[in-house]
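>>> take a look and give me a structure for this.
(2 chains)
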Protein chains: 2
Amino acid sequence: MQLTRKGLWAGLIREFRDFLPEIKDEAITTLLEGNTPLIESVNLKDIFGDIRLLLKYEGLNPTGSFKDRGMTMAVSKAREEGAKAVICASTGNTSASAAAYAARAGMKAYVLVPDGGIALGKLSQAMMHGAMVLQIKGNFDDALNIVKAITKDYPVKMVNSINPYRIEGQKTGAFEVSEHLGYAPTYHFLPVGNAGNITAYWKGYKEYYKEGIISNLPKMMGFQAEGAAPIVLGHPVEDPHTLATAIKIGNPASWEGALKAKEESGGTIGMVTDDEIIEAYRLLAAREGVFCEPASAASLAGAIKLKKDGVLIDGDTVVCTLTGHGLKDPDNAMNASPKPVKVAADVKKILKIMGF
Amino acid sequence: MQLTRKGLWAGLIREFRDFLPEIKDEAITTLLEGNTPLIESVNLKDIFGDIRLLLKYEGLNPTGSFKDRGMTMAVSKAREEGAKAVICASTGNTSASAAAYAARAGMKAYVLVPDGGIALGKLSQAMMHGAMVLQIKGNFDDALNIVKAITKDYPVKMVNSINPYRIEGQKTGAFEVSEHLGYAPTYHFLPVGNAGNITAYWKGYKEYYKEGIISNLPKMMGFQAEGAAPIVLGHPVEDPHTLATAIKIGNPASWEGALKAKEESGGTIGMVTDDEIIEAYRLLAAREGVFCEPASAASLAGAIKLKKDGVLIDGDTVVCTLTGHGLKDPDNAMNASPKPVKVAADVKKILKIMGF
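I've put the predicted structure just below:
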């Protein structure tokens, strides 16, 4: 018996090389990121009716978030250019991804974070991957400014989202959705924080459309958290707040890219409340079996809202990108869950609680 | 331009249907598990020389561990048989997986755990996925006995590892390794707790060998933690202890299967200390960029030990299964990591700490 080989996935750069900036083979730094599942929703018909809903589960990238798509590109290019170290200001998914790819490349990683108010657990990935974590007496902007100052004069590459290769890697999410479906969805929903992902997906769809790989384009639907919705409000938010920490951003780096994606595609940039985010977060875990971090659920929360508003209709294909794994944020999971029931080791009592 | 579709992975049951128990299509419950990356080690040449070392990264299954392979089978069969609920006694990865697949199947999940000493964080996945978690006044054996009593008389399926479909699903890990490499490795290293995984991989390799898909068989190398090594000692361990909680088991359910895998393949069942486990855990994260939970690293710790002992030699192909994602156990990650460095928001001071 002879089988066709399945799943021989070589990582994004090698898989999508024709669509990415040129890079020398020996510089490619990969953890076989990408190729994440596009999971069909099966249990939300009461909400979505005959809309086809699919979940792009980016939490199954190696470090647990979509950041790995951009980071394989950014770190590989840094390596090609001879950098011995990378640096970023980040309290979350970016630092984890930067540290992992730097470790893989044999490079040093530095992570700058503001002192105070940072749960160390959030940084445990970066630290395990051997990054040097520096807690700066100052706020996040101070940390970012220091990163900029250092990378101007020293051979350390910045891998924050200002790095252009990040967007190049991230656009491959749109390639995968296109190839999985064989076409582009009617709507593509994404959480919007720094707005790099919606910018990147739109770029990806346009490139596949131009090459004739897909013959339609989706409407790009970005959703911010109500307390951190600068693009919706039209001005930066001084003190953004939302429990969806991964999109708690007051002045997005890719603001223009998000607006362009919205305008060119005929989409929207909207906002959802923390309650709507948590409701979507719970629905995904409890009814679809898909556990994402709260920020990820902003995409589904946006889709639910637009279904209620009558924008989405039967026959539409809707893809929601879930940006990170739920394991990234155990604290919110604990808060969103019912508490365990304590009971004696007695079969009859337990059966009663179980409802028999 | 026309592309060949990549990564259209349909989940294990549909991908490996010819090798699995028959099941009706409408009962199949999948989160598109399996198809996990086989990551080539690139930075451990100082330890392994010209041995080819590959890491089967099972943490990239939907709930973050290899348990999803067995659970898609167990829950699908339970559904086919008309069960409306599943139950297990578990404090960790099994409960997360059972709850997720039950949610997906529209079934109720019950998780029984001993009262006291359980970190609720460990149960947050099960709770998010809507399982009813019952804390029993008693120990783990009491919980398991109650599960057995209930499933004997009520329409609730037990999905603990006694469920035979678990092994069937888990054997697909060996199928994937065989297909990725085109042959079986010289050695396959696995952590051994309940011993289901080593039993399952060996079954998988033998089935592919019998069908002529591979023309060799690996030596099966199972590693237990020193404080929880009943198979090595030849008798159950009353009070097992190890920080690798996922393999802290004193009386493995698949004891016989593990011995058979060892004997038939000419392999070994060995043990490694907690220090050796933590050292391998750190190496994987800091040098390969691969973050697994501590128990997972028992496989690599075993391989390092046998390389030092001269058992593994240049030219060998060695696969280590990493059973769960590092994000499953943030506490151990924090303990194993250096602390952040606090510093003023001063570029010069920061550059000095960075070594410039």
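>>> so residue A:94, which of the three states?
Per DSSP: H, G, I helix; E, B strand; the rest coil, the secondary structure class of residue A:94 is helix.
>>> that one reaches residue A:69, doesn't it?
No. Shown here, residue A:94 and residue A:69 do not form a contact pair, counting by C-beta atoms under 8 Å, at 11.9 Å. (C-beta placed from N, C-alpha, C; glycine too.)
>>> compare the two (neighbour count), which wins?
Neighbours per residue (other C-beta atoms under 10 Å in any protein chain shown) separate residue A:94 from residue A:69, with residue A:69 holding more: 29 against 25.
>>> confidence score at that one?
At residue A:69, the pLDDT value in this model is 98.
>>> quick one: pLDDT of residue A:5?
So residue A:5 comes in at 51 (pLDDT).
>>> close to chain B: what parts of the stretch 251-356 of chain A are there?
Residues of the stretch 251-356 of chain A that fall close to chain B, judged by C-beta under 8 Å from any C-beta of the partner chain: A:282, A:285-291, A:325-328, A:330, A:333-334, A:336-338, A:340-345, A:347, A:350-351, A:353-354, A:356.
>>> in strands only, show me those residues.
A:341-344 (DSSP state E).
>>> counting neighbours, which of the residues you listed comes out on top?
residue A:343 (19 neighbours).
>>> contacts only, for that one.
Contact partners of residue A:343, counting by C-beta atoms under 8 Å, 6 or more residues apart in numbering or on different chains, are A:349-350, A:353, B:134-137.
>>> and what of residue A:261?
The neighbourhood of residue A:261, defined by C-beta under 8 Å, 6+ apart, consists of A:198-199, A:201-202, A:220, A:222, A:267.
>>> kindly report the same for residue A:84.
Counting by C-beta under 8 Å, 6+ apart, residue A:84 touches A:107-108, A:155-156.
>>> can we see that at 7 Å?
Going by C-beta atoms under 7 Å, 6 or more residues apart in numbering or on different chains, residue A:84 touches A:107-108, A:155.
>>> also residue A:272?
The contact partners of residue A:272, by C-beta under 7 Å, 6+ apart, come to A:223, A:225-226, A:298, A:301-302, A:305.
>>> what is the nearest of these to residue A:82?
Taking C-beta to C-beta as the measure, residue A:82 lies nearest residue A:298 of the contacts of residue A:272, at 38.8 Å.
>>> burial count for the nearest residue to the closest one once chain neighbours are set aside?
Counting by C-beta to C-beta, 6 or more residues apart in numbering or on different chains, residue A:191 is the residue found nearest to residue A:298 once chain neighbours are left out, at 3.9 Å. Look at residue A:191: counted by other C-beta under 10 Å, it has 33 neighbours.
>>> residue A:191 and residue B:209, how far apart?
Noted for residue A:191: a distance of 46 Å to residue B:209, by C-beta to C-beta, to the nearest Å.
>>> residue A:304 too?
50 Å.
>>> which of these two has more neighbours?
Remark: of residue A:304 and residue B:209, residue A:304 carries more neighbours, 23 against 17, as counted by other C-beta under 10 Å.
>>> for the helix or strand where that one lies, name the packing helices and strands.
In this assignment (DSSP states H and E), residue A:304 forms part of helix A:297-308. In this structure, helix A:297-308 makes packing contacts with helix A:45-48, strand A:187-191, strand A:219-225, strand A:268-272, helix A:274-283, strand A:317-322, judged by 3 or more C-beta pairs under 7 Å, 6 or more residues apart in numbering or on different chains; DSSP states H and E.
>>> in TSV: the ones you listed, plus mean pLDDT.
Formatted as TSV, the helices and strands packed on helix A:297-308 follow (pLDDT from 0 to 100):
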stretch	mean pLDDT
helix A:45-48	98
strand A:187-191	98
strand A:219-225	98
strand A:268-272	98
helix A:274-283	98
strand A:317-322	98
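>>> any regions of chain A where pLDDT drops low?
Applying pLDDT under 70 to chain A picks out residues A:1-7, A:117.
>>> let's see it at 50
Applying pLDDT under 50 to chain A flags residues A:1-4.
>>> got the phi and psi for residue A:158?
Backbone geometry at residue A:158, expressed as degrees, to the nearest 10, gives phi -80, psi 130.
>>> now do the contacts for it.
So residue A:158 contacts A:87-88, A:147, A:151 (C-beta under 7 Å, 6+ apart).
>>> okay if I get those residues as TSV plus distance to residue B:49, neighbour count and secondary structure?
Converted to TSV, these look like this (distance: C-beta to C-beta, whole Å; neighbours: other C-beta atoms under 10 Å in any protein chain shown; DSSP: H, G, I helix; E, B strand; the rest coil):
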residue	distance to residue B:49	neighbour count	secondary structure
A:87	33	29	strand
A:88	34	30	strand
A:147	39	25	helix
A:151	37	21	helix
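>>> greatest separation within those residues: which pair is it?
Among the contacts of residue A:158, the pair separated by the greatest distance (C-beta to C-beta) is A:88 and A:151, at 9.8 Å.
>>> ok, residue A:188 - how many residues close by?
Residues lying near residue A:188 (other C-beta under 10 Å) number 30.
>>> for residue A:228, same thing?
Using other C-beta under 10 Å, residue A:228 has 26 other residues around it.
>>> measure the residue lying closest to it once chain neighbours are set aside to residue A:230 for me?
Closest residue in space to residue A:228, ignoring its immediate chain neighbours: residue A:240 at 3.6 Å, by C-beta to C-beta, 6+ apart. Distance of residue A:240 to residue A:230, computed by C-beta to C-beta: 8 Å.
>>> who touches both of the two?
Shared contacts of residue A:240 and residue A:230 (C-beta under 7 Å, 6+ apart): residue A:250.
>>> picking up where we left off before, tell me which of the helices and strands packed on helix A:297-308 sits nearest to residue B:9.
When the helices and strands packed on helix A:297-308 are compared by C-beta to C-beta, strand A:317-322 sits nearest residue B:9, at 16.8 Å.
>>> from the chain's centroid, how far away is the closest one?
Mean-position distance between strand A:317-322 and its chain equals 12 Å (C-alpha atoms, centre = their mean, to the nearest Å).
>>> now do it against helix A:297-308, angle only.
Between strand A:317-322 and helix A:297-308, the angle comes out at 150 degrees (axes from the mean of the first three to the mean of the last three C-alpha atoms, to 10 degrees).
>>> what's strand A:317-322 in contact with?
Contact with strand A:317-322 is made by A:51-59, A:173, A:177, A:181, A:185-190, A:197, A:290, A:292, A:296, A:299-300, A:303, A:312, as judged by C-beta under 7 Å, 6+ apart.
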